[in-house]
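Undergrad: from the sequence below, what's the structure:
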Amino acid sequence: MARIQSPPILSQIRVARSYSEQVASLRALKDEVVGHVQRKEKWVEQGVLESLIKMLQPNRSPSRLSGKEARDSSGQPKVLTEDELVRLHALQLIASFANGGPPFIAPLHAVDAIPVIASHISSLDQPPQIVLTALRALSNIADAMRLSTPASDGIEFLAETLFVPRYLEALCAILSSDSTAPVVQEQKCLVASLISRLCKQPHHQNSLASTGILDALATMLASFVVARGEVVPTAEILAEADGLAEMIPDPVPQGLELAAVLEAISAIIADSRFRAYMLICSPSIMAVFPSAEFSPPARDTRAAWNALETHGLRDVQVKAQGAIDYLLPLVPVTQPRLLSSHLAQYPPLGSSRENLGQSTPTNKFSPWTSTFESVNNNDTESDDPESPLIPWLIHLVRTTQGLERVMAASVLASLFKAGFASPDREVSFGVLVVPLLCQLIKDCLKEQEKNPSAVKQISSFVERKTAVDWVILERTPAVLARFVADSECLQHAAHDCDALRYACKMLKDTYEPIYNQKAPRPWSPNPDTGGGMGEGLSTCRLGHPGQLPICAHLMRLRESSLKLLAAMIIKDEYHKALIEQDIVPYIVESLTRSPSKPKSSKEKPKSEKKADEPPLPAGGSPYGDNPNSVIIAACHVVRILGRSVRDLRTSLEDHAVAMPIFRLLRDPDTEVQVAACAAVCNLVPEVSPMREPLIEAGIIKVLCEHAHSQDPGLRLNSMWALKHLVWAVDNKTKKQCLEELESGWLVQLITADTEDDALHARTQRRSQDTDEDEDMDSETYDDDDGRSWTWPAMFREPCPAKSASLRTHSPRMQKAEKKLLALRDAEINPIRKARNDDLAIQEQAINFIRNLIGQSMTENVAEMVDYVFDQIGQEKLFEILAGKLRVRVLHPFARRYSTGRDTRVLYPQAKVIEAVIFVLVHIAASKPQHRQLVIAQRDLLKLLEQHFNSKDSGVRLALCHFLTNLVWPDDSSDAAACGQRAQELRKLGFLTRLEALEQEDAELDVRERARSAAFQMKLGND
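TA: You can find the predicted model right below:
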């Protein structure tokens, strides 16, 4: 290859005296570099990127995207001016350089290319050709970042840059365009693709939903419904009444991809009830899918449904079928079923729970499920009919293939997990959707077996068909996992389709070694100097080569397989099937950054590795380098397996899972630490053989350090693990735990509203600066009553005055808006988040004391009670417990549209009350002196008496245990004191309360315990 003559062209670009000279130079440069990676590297070293970026920077300040000087929005290509041609060629060159892969990301960052490129995506300010080229450049940059190491950092930076109000408005304008020009359809596909790759964080998802992008995507989806001829009959009449007649779109034009639209929608709604409902009540979706009864003209069809009900094969309580239901096969329902526990992932309206285990990875693996909020489902859940969008998506899954099927199932899974599918649908999913997803995985695996060379290709370039097949195989297990998680019915359906075996096979396939982790470079007569890495200016220096596409694919497939395994092994019988696949070694290796060859059950390690043994250096393993997402997913599988005593004592112990998990507790990433703590919760109970090795390795010190963390998820999980650790161990270990944790910090965890105080302090600081308050981050929820947030769809333009009036006064639209506001408050309100974080941590901290003074190995329990009294203070401990039983007033928060400050009242929460009572149960179970101390706390006893009417059966049961212990005599010497305690309790009305529970309580266990406690109390009086 001849030496590249770059200086003449570069100098021409820099010193050109006219736009025409610049265009000629840029065209010559394109001829040089397009399709030639080595030449791109040389040109970057010459500093060409800086010159290209200067050409794209405007000579004047950019106009606002919503300004009046807007271009023709028809989207038709136009003849470009010379200035526009220069920018077009410059953007094409940047897109070409970005297409070179991860090495070019660093110099592009150095010249600050991304904001400059993003400034050219406004369809109102830029010609459609320039907008399209800018989107291509951003898409190529996103693709290159996905191959960078670590990929998440680059993707997050690009998302933070692009998902700001200025550019979100531009993206929304592109997606909302009515133009049918091919260039506009390609723009829409690129925008949808960017959203699906970049939109991962909840604050980005909320921004895209609130700025109208989700509604624009929903309109595009509705246009596919129109094109398929599947609009609900009479939809036009019903839409006219609600002011939605203009919302029924035209059929989708050619060039728009259904899979891209569905994937973008799935990325935005993700694990959110609020955003899922925004999709359902989007005006275009409501217009084409009104909830209306339908009687098919064909008598045979109606007769088939009636026959099922007549013969008892369908629930007679089923609601009237909609038109879309008749597109689906008949699915008999033999008996009514309860809703699956997946609905517990989302707070009912009125509870507004944002627990530490839902939408973010930090919380995802917290073993806590909130029960702190009262349930208030009135006119929000049961009264709402199911949207016809649900059966239409089932129909779409059945009638499409490949990527379209996967993405349709992904959107359907989000709506199902959000609880917007009717109870009958669960069986339909198991019959109509789950088998198709399993078959899709099976077909992909068979295709790989037929063409193994495509799977292990060591190249930086991947054919489009292969790339699509990879995406299908990566996404399908994760979608299937979301369906079957917490649903026994769907797990059984997936198990019948061999989903567990497929998941194990995919995980094993990802551990086929690839010894050559670098793509072969083209031959060159010049010696390879490393592509300019580490030399020269940052704008002229290439970055890290990144990873091969096949390696990135295997890591994503590994993560997806682990998620499916975790979702499939909830039942103990599936644990056995998993162990028989000999998959545990692969799960253990997924817990390390640089895995080694998984050892089969016949090659079990002789002994556990040392806890302080350094892990293998990253970058050298032929089995790939596990990213955080893989490690977190593996921790989740270990946590699920740890629920089985058999697996704890056999498979997990045999494969030495304790030390890899322990090392992850020291991982620099907080999300990994949270997931590792969640797994430790199930590795340190009394029945675990790994408890002693972990204690010897120093896990007490590590967990106590995490209990002091600023991250609420880490504090929660560490306290949860410590709670399990101190149960049934010797008193020396218990004392060590409390000393490491520090009694003062334990008291603070129980009494202080840490997250609420921190939020209040941040709010106070913001209120002192009005300018800062106006520019608050989009994630900030500064209006806890939701009055400053408006539903974008309600005032969508263009809209005739008559339609706007009908829409505003429509009962259907008003009900949707009311529910949206409630869901948004339940999900986004930071005050609720802070409160629930505090309550969850307080519950575990109190339970830590409960187990600390509970069962011990050999020593007397009374010793630990006295030790806790000594460390915390006897009177202080009782006052702390009493405080958890009282109504409290939290920090008031000023509302932006309120004249004053609203007082927030926190009522005693059931799980906290139960934990408090069981602390008293253990104190009363120790020795007579401690029982006398308890009976002397009259104020505390009066507070307890108020909770006999609790709706939570656990609280009522705990009260029965407490009273039984309090009037139990140790021996004859305690008989007199026992009688006095019984008499005191009778005066306080406890005997009357027990007799009422004995006669009227709905729970058998509570009635029996109340009977025993009442008998003991009467016996004490005698």
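Undergrad: C-alpha from now on. contacts and neighbour counts both.
TA: OK.
Undergrad: mind checking how far residue 17 is from residue 24?
TA: Residue 17 sits 12 Å away from residue 24, going by CA to CA, to the nearest Å.
Undergrad: using the three-state scheme, assign residue 889.
TA: Here residue 889 is strand, with the state taken from DSSP: H, G, I helix; E, B strand; the rest coil.
Undergrad: that one is in contact with residue 835, isn't it?
TA: No. Counting by CA atoms under 8 Å, residue 889 does not reach residue 835; the two are 11.9 Å apart.
Undergrad: if you count surrounding residues, which of those two has more?
TA: residue 835 (22 against 11; other CA atoms under 10 Å).
Undergrad: quick revisit: residue 17 and residue 24: which has the busier surroundings?
TA: Taking neighbours as other CA under 10 Å, residue 17 and residue 24 compare with residue 24 leading, 17 against 10.
Undergrad: and the helix or strand containing that one, what does it pack against?
TA: Secondary-structure assignment from DSSP states H and E places residue 24 in helix 19-33. Identification of packing neighbours for helix 19-33 by 3 or more CA pairs under 8 Å, 6 or more residues apart in numbering; DSSP states H and E yields helix 6-15, helix 37-45, helix 82-98.
Undergrad: pLDDT of the last one, averaged?
TA: So that's helix 82-98. For helix 82-98, mean pLDDT rounds to 94.
Undergrad: wait, what's in contact with the closest residue to residue 685 other than its chain neighbours?
TA: Distances taken as CA to CA, 6 or more residues apart in numbering place residue 724 nearest to residue 685, at 5.2 Å, with adjacent residues excluded. Residues in contact with residue 724 (CA atoms under 8 Å, 6 or more residues apart in numbering) are 681, 684-686, 848, 851.
Undergrad: nearest to residue 877, of those residues?
TA: residue 848 (13.5 Å; CA to CA).
Undergrad: the closest one belongs to a helix, doesn't it?
TA: Yes. Assessed by three-state DSSP, residue 848 belongs to a helix.
Undergrad: flag the shaky bits of the stretch 901-1022 of the chain, pLDDT-wise.
TA: Scanning the stretch 901-1022 of the chain for pLDDT under 70 picks out 901-904, 1020-1022.
Undergrad: residue boundaries of the strands in it?
TA: 901-906 (DSSP state E, counting those that start in this stretch).
Undergrad: could you do the chain as well?
TA: Ranges of strands within the chain are 888-894, 901-906, based on DSSP state E.
Undergrad: wouldn't residue 132 be in contact with residue 185 here?
TA: No. Using CA under 8 Å, residue 132 makes no contact with residue 185, being 9.8 Å away.
Undergrad: the two: which has the busier surroundings?
TA: residue 132 (27 against 24).
Undergrad: quick one, what contacts that one?
TA: 121, 183-184, 186-187.
Undergrad: quick check: it vs residue 108, distance?
TA: From residue 132 to residue 108 the distance is 19 Å (CA to CA).
Undergrad: now swap in residue 931 and tell me
TA: When residue 931 is compared with residue 108 (using CA to CA), they lie 72 Å apart.
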